[in-house]
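[1] Pasted the sequence and its predicted model underneath.
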Amino acid sequence: MIIVEGTVAPAVVSAVDELPSVERVIVVQGAQRLTSRAFRAENSRVEVGPAGETVFGGPEFVVIAGPCAVESRPQMNAAVDAVVASGAVMLRGGAFKPRTSPYSFQGLGLAGLTLLAEQRKRTGLPVVTEVVTPKDVEFVAEESDMLQIGTRNMQNFELLREAGASGRPVLLKRGMSATIEEWLLAAEYLMHVGNSRVVLCERGIRSYDRSTRFTLDLSAVAEAKRLTHLPVIVDPSHSTGQPHLVAPMSLAAAACGADGLIVDVHADARTALCDGAQALSGEQFSSLMDQLTPVVEAVGRTLAQVRSHSLSSV
């Protein structure tokens, strides 16, 4: 595939199209080029994991789960055991936490990455974790299967370039004040440096209503699916900030066409160092997974299953 940017005369397009070695010529105009349906009409599938065992954008609905922040080995063991037992196919956990307040828990950093890598080895499941600065991309990529760009960094363009060039799939969260166009343009930065393995995540936007932490914009999921071939998942935990809303918003996300979820689960939310108020318990997560199955099947999909895993002790 060769991409030519700029204005191209119709005669040139026709001449190139007639070359025997050219299968087809795609003329893409506008700001959204690589992310657009004009560039790729069919849905992209993004494979994550050493063997590509987790696939976003296909017939399976993918559920990622785990604690918002990596705190300790016992905490990780308890949370991971719970989500694996209930059927999560991918793990989450933050080692670097860009918090609103400088006095809030900022994550364990490299020690947290090590603990997350332990869970990756213990379960055999792929992991996603957030990277917050360009200089951290290389070593975070070494210890994870997918890089997350958080809401506060959606328009950190140097970070997007580095993450895009890392060779890892990228989970791109929508900025809390970003339009859909800005969100897709951020994805363009990742794809422009050669990374086609991008998954979008709607995680709620800032509005005047303070009854929930943010406002989950499910219309953006449906619209993004119309505009782009990239998979789109939903974060019902950070968007609502309240455990009792996570299940209904998860079901709504599945019904509106989302390709998956990323859910905050903590074995003891009362002691959580980060966003404990929104975390589900293991029992609540198990109930959510049971509720998801019929909704996912009603829209013609299946809940993604772990191909094989074995829990070991650490």
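    Yep, that arrived. Numbering: from 1, shown residues only.

[2] contacts and neighbour counts: CA atoms only from here.
    Will do.

[3] What is the longest strand seen in the chain packed up against?
    Secondary structure of the chain per DSSP state E: the longest strand is strand 60-66. The criterion is 3 or more C-alpha pairs under 8 Å, 6 or more residues apart in numbering; DSSP states H and E, and the helices and strands that strand 60-66 contacts are strand 54-56, helix 73-86, strand 90-92, strand 260-264, strand 302-303.

[4] Can you redo these as a markdown table, where the extra columns are mean pLDDT, distance to Tyr103 and mean neighbour count?
    As requested, the helices and strands packed on strand 60-66 are exported to a markdown table (pLDDT from 0 to 100; distance: least, C-alpha to C-alpha, whole Å; neighbours: other C-alpha atoms under 10 Å):
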| stretch | mean pLDDT | distance to Tyr103 | mean neighbour count |
| --- | --- | --- | --- |
| strand 54-56 | 98 | 36 | 23 |
| helix 73-86 | 97 | 22 | 19 |
| strand 90-92 | 98 | 23 | 27 |
| strand 260-264 | 98 | 22 | 26 |
| strand 302-303 | 98 | 39 | 20 |
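
[5] do you know which of these lies nearest Gly175?
    Across these, Gly175 has its closest neighbour in strand 260-264 (16.0 Å, C-alpha to C-alpha).

[6] related to what we said a few turns ago, quick one, which of the helices and strands packed on strand 60-66 is nearest to Thr129?
    Nearest of the helices and strands packed on strand 60-66 (C-alpha to C-alpha): strand 90-92, 6.0 Å.

[7] in this protein, which helix or strand is least confident?
    helix 10-17 (a mean of 77; mean pLDDT, DSSP states H and E).

[8] Would you mind identifying the next helix or strand past that one?
    Moving toward the C-terminus from helix 10-17, the next helix or strand (DSSP states H and E) is strand 46-48.

[9] which residues are in contact with that following strand?
    The contact list for strand 46-48 (C-alpha atoms under 8 Å, 6 or more residues apart in numbering) reads 53-57, 126, 145-146, 169, 197-199, 231.

[10] one more time with 10 Å
    52-58, 90, 125-128, 145-146, 168-170, 196-199, 230-231 (C-alpha atoms under 10 Å, 6 or more residues apart in numbering).

[11] can I get the helices and strands packed on strand 60-66 in JSON lines with distance to Thr133?
    Putting these into JSON lines (distance: least, C-alpha to C-alpha, whole Å) gives the following:
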{"stretch": "strand 54-56", "distance to Thr133": "25"}
{"stretch": "helix 73-86", "distance to Thr133": "24"}
{"stretch": "strand 90-92", "distance to Thr133": "19"}
{"stretch": "strand 260-264", "distance to Thr133": "22"}
{"stretch": "strand 302-303", "distance to Thr133": "34"}
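
[12] for the ones you listed, which one sits closest to Ala253?
    When those are compared by C-alpha to C-alpha, strand 260-264 sits nearest Ala253, at 8.0 Å.

[13] isn't Val295 right next to Ala254, touching?
    Yes - using C-alpha atoms under 10 Å, Val295 is in contact with Ala254, at 6.7 Å.

[14] tell me, what's touching the two both at once?
    Arg301.

[15] Tell me which of the helices and strands packed on strand 60-66 sits nearest to His244.
    Proximity to His244 (C-alpha to C-alpha) singles out strand 260-264 among the helices and strands packed on strand 60-66, at 12.6 Å.

[16] Return the list of helices and strands in contact with that closest one.
    Other helices and strands packing on strand 260-264, by 3 or more C-alpha pairs under 10 Å, 6 or more residues apart in numbering; DSSP states H and E, are strand 60-66, helix 73-86, strand 90-92, strand 198-202, strand 232-234, helix 236-240, helix 243-255, helix 282-298.

[17] How about Leu159: what's its closest non-neighbour residue?
    Nearest residue to Leu159, sequence neighbours excluded (C-alpha to C-alpha, 6 or more residues apart in numbering): Pro134, at 4.6 Å.

[18] where along the stretch 101-250 of the chain do the strands fall?
    Here the stretch 101-250 of the chain has its strands, by DSSP state E, counting those that start in this stretch, at 127-130, 146-149, 170-173, 198-202, 232-234.

[19] winner for burial among those?
    Ranked by mean neighbour count, the strands of the stretch 101-250 of the chain are led by strand 232-234 with a mean of 28 (mean count of other C-alpha atoms under 10 Å).

[20] gap between it and the chain center?
    7 Å (C-alpha atoms, centre = their mean, to the nearest Å).
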